[in-house]
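Student: Have a look at this prediction, sequence included:
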Amino acid sequence: MQGCHTIVMRIHPIVIVGGGVIGLLTARALAYAGHEVRLFERGALGRESSFAGGGILSPLHPWRYPDAVTVLALRSQKSYPALCQRLADTTSTDPEWIVSGLLRLGADESVVAHEWATRFGVELEIRDAHDLLPGVGVAGPSVWMPSVAQVRSPRFVQALTEELRSLKVKIHEQASVEGFVWRRAALTGVVANGEEVATDRVVVCGGAWTSDLMARYGLPLPVKPMRGQMIAFQTPPGLLAPMVLQKAHYLIPRRDGVVLAGSTIEDVGFDKAITDEARTVLTEAAYSLLPALRTYPVTHQWSGLRPSSPTGVPFIGEHPEIRGLWVNTGHFRNGIVLGPGSADLAADLVLGRDPCLDPSPYGLDRQVEDGTRPLVLGSGV
């Protein structure tokens, strides 16, 4: 007679907290794996950092980051063509995935950039900036990455939202998750807008708001908001072809002639106000990169709060003392470029699958900041 086996039946949906691009992509990965998913967003879907971002599908100056960022970026970059094609084919919104190339003006970091590109198999050349963009404001040898693509962030978020609804993901907007319920160190539910929702698996993808929520449960993640302001010019289509970067400032051309100019990095807490000072700085930086922009009007200015982590490496892992409570946050300026890879890894961990990437560089107990101080976890509740 064969022995008896206990079969654990999961009857509750997986809950995603946060409706930015990280939350949407994580919900998508879990829904495609055949699981019921509910998503709770404190405001409107994708209206925070995801909506505000430029959509460059590469970290800026990627060789400056820890290798863990490049590993996530490469996985995400490979998935974007098929992902965006599917979204364009199955929803009413084209995310406008375009291979624009990224021209990083100046060759001052060309040696380290070339070494990084060689290690990771990234296409990178040293070219004269005027050969690629005759009207550019800075001449001379520059770093050219011809394979870097972009998406139009608001359209990408809208397409993801449409797809999730078609996948029967239950989405709750204006629904604040106020806390978690657990028993014997295992999650049993979340409290949203004062009501308890039963679940045994939650992924917190709350961006800059994650830290305050998780600190109440013994997990003081070093993630804080960093305001970024951007402006947009309306120009004729084709005025600018490649994306252009110098130091902290960049230009991103869209198909319809809109040129985005970004961005600031401001440690001002949760203040999302736009400022005249930032508009002036961004406008002058844009003129320096492409003098022809002086002819065209600035039509928009906006801001977003990026979830800054000490090194830009996101936190993807499970709470050390509450089973079933996971986080996927801290992507800083790279939420969109790292999103698909982060979502794949988070889904693998939550579902107990073999992870697509080594999860240890993203763990919640890893070394942070200068590489010598470990993240100190709380004692739990």
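Tutor: Structure's in. What do you need?

Student: the strands in the stretch 51-200 of the chain, which residues?
Tutor: Counting by DSSP state E, counting those that start in this stretch, the stretch 51-200 of the chain has strands at residues 98-99, 102-104, 125-128, 141-145, 149-150, 170-172, 177-183, 186-192, 195-198.

Student: any idea of the mean pLDDT in the third one?
Tutor: Strand 125-128 shows an average pLDDT of 96 in the prediction.

Student: can I assume Pro154 is in contact with Phe51?
Tutor: Yes: assessed by C-beta atoms under 8 Å, Pro154 is found in contact with Phe51 at 5.4 Å. All C-beta atoms are positioned from the backbone trio N, CA, C, and that covers glycine.

Student: nearest residue to Gly135 other than its sequence neighbours?
Tutor: Spatial nearest neighbour of Gly135, chain neighbours left out: Ala292 (5.3 Å); criterion: C-beta to C-beta, 6 or more residues apart in numbering.

Student: Also Gly228?
Tutor: Nearest residue to Gly228 in three dimensions, chain neighbours excluded: Ser263, at 4.4 Å (C-beta to C-beta, 6+ apart).

Student: what pLDDT does that neighbour get?
Tutor: 93.

Student: same thing with Gln367?
Tutor: 48.

Student: Repeat that for Leu377.
Tutor: Reported pLDDT for Leu377: 31.

Student: can you start the count at 787 instead of 1 from here on
Tutor: Sure thing, new numbering starts at 787, so read that last one as Leu1163.

Student: what are the ranges of the helices in the stretch 937-1086 of the chain?
Tutor: For the stretch 937-1086 of the chain, applying DSSP state H, counting those that start in this stretch gives helices covering 939-952, 996-1001, 1062-1075.

Student: Buried deepest among the strands of the stretch 837-986 of the chain, which one?
Tutor: Comparing those by mean neighbour count (mean count of other C-beta atoms under 10 Å), strand 888-890 ranks first with a mean of 25.

Student: Pairing partners for that strand, with directions?
Tutor: strand 927-931 (antiparallel), strand 1029-1032 (parallel) (DSSP bridges).

Student: need the contact list for the nearest residue to Asp1140 once chain neighbours are set aside.
Tutor: Of all residues not flanking Asp1140 in the chain, Asp1134 sits nearest, at 6.9 Å (C-beta to C-beta, 6+ apart). Shown in contact with Asp1134 (C-beta atoms under 8 Å, 6 or more residues apart in numbering): 1140-1142.

Student: what about the helix or strand Asp1134 falls within, average pLDDT?
Tutor: Element membership for Asp1134, per DSSP states H and E: helix 1121-1137. Across helix 1121-1137, pLDDT averages out at 97.

Student: May I see the buried residues of it?
Tutor: 1121-1136 (16 or more other C-beta atoms under 10 Å).

Student: out of the residues you listed, who's nearest Val1099?
Tutor: Relative to Val1099, the closest of these is Leu1124; by C-beta to C-beta it sits at 9.4 Å.

Student: Asp1057 and Val989, how far apart?
Tutor: Separation of Asp1057 from Val989 (C-beta to C-beta, to the nearest Å): 28 Å.

Student: Looking at those two, which is more packed in?
Tutor: Val989 (31 against 11; other C-beta atoms under 10 Å).

Student: about what we covered before: so which of the contacts of Asp1134 wins on neighbours?
Tutor: When neighbours are taken as other C-beta under 10 Å, the top entry among those is Pro1141 (16 neighbours).

Student: residue contacts, it?
Tutor: Pro1141 neighbours (C-beta under 8 Å, 6+ apart): 1131, 1134-1135.

Student: And Arg824, by the same measure?
Tutor: Contacts of Arg824 (C-beta under 8 Å, 6+ apart): 799-802, 955-958, 983, 985.

Student: re earlier: output the strands paired with strand 888-890 as JSON lines; include the columns distance to Leu811 and mean pLDDT.
Tutor: Formatted as JSON lines, the strands paired with strand 888-890 follow (distance: least, C-beta to C-beta, whole Å; pLDDT from 0 to 100):
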{"stretch": "strand 927-931", "distance to Leu811": "23", "mean pLDDT": "97"}
{"stretch": "strand 1029-1032", "distance to Leu811": "22", "mean pLDDT": "97"}
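
Student: which stretch among those strands comes nearest Leu810?
Tutor: Of all the strands paired with strand 888-890, strand 1029-1032 comes closest under C-beta to C-beta, at 23.7 Å.

Student: Contacts for the closest one next, please.
Tutor: Outside strand 1029-1032, the residues within contact range by C-beta under 8 Å, 6+ apart are 842, 846-847, 886-892, 919, 922, 924, 934, 936, 1036-1039, 1071, 1074-1076.

Student: Check the gap between Ser1094 and Gly1055 for me.
Tutor: From Ser1094 across to Gly1055, the span is 12 Å (C-beta to C-beta).

Student: Give me the common contacts of those two.
Tutor: Contact criterion C-beta under 8 Å, 6+ apart; residues shared by Ser1094 and Gly1055: Pro1011.

Student: Look at those two and report which has more neighbours.
Tutor: For the pair Ser1094 and Gly1055, the greater number of neighbours falls to Ser1094 (20 against 12), based on other C-beta under 10 Å.

Student: Could you pull up the contacting residues of that one?
Tutor: Ser1094 touches 994, 1009-1012, 1116, 1118, counting by C-beta under 8 Å, 6+ apart.

Student: Ok, Asn1120 next?
Tutor: Under the criterion of C-beta under 8 Å, 6+ apart, the contact list for Asn1120 reads 845, 855, 859, 1098.
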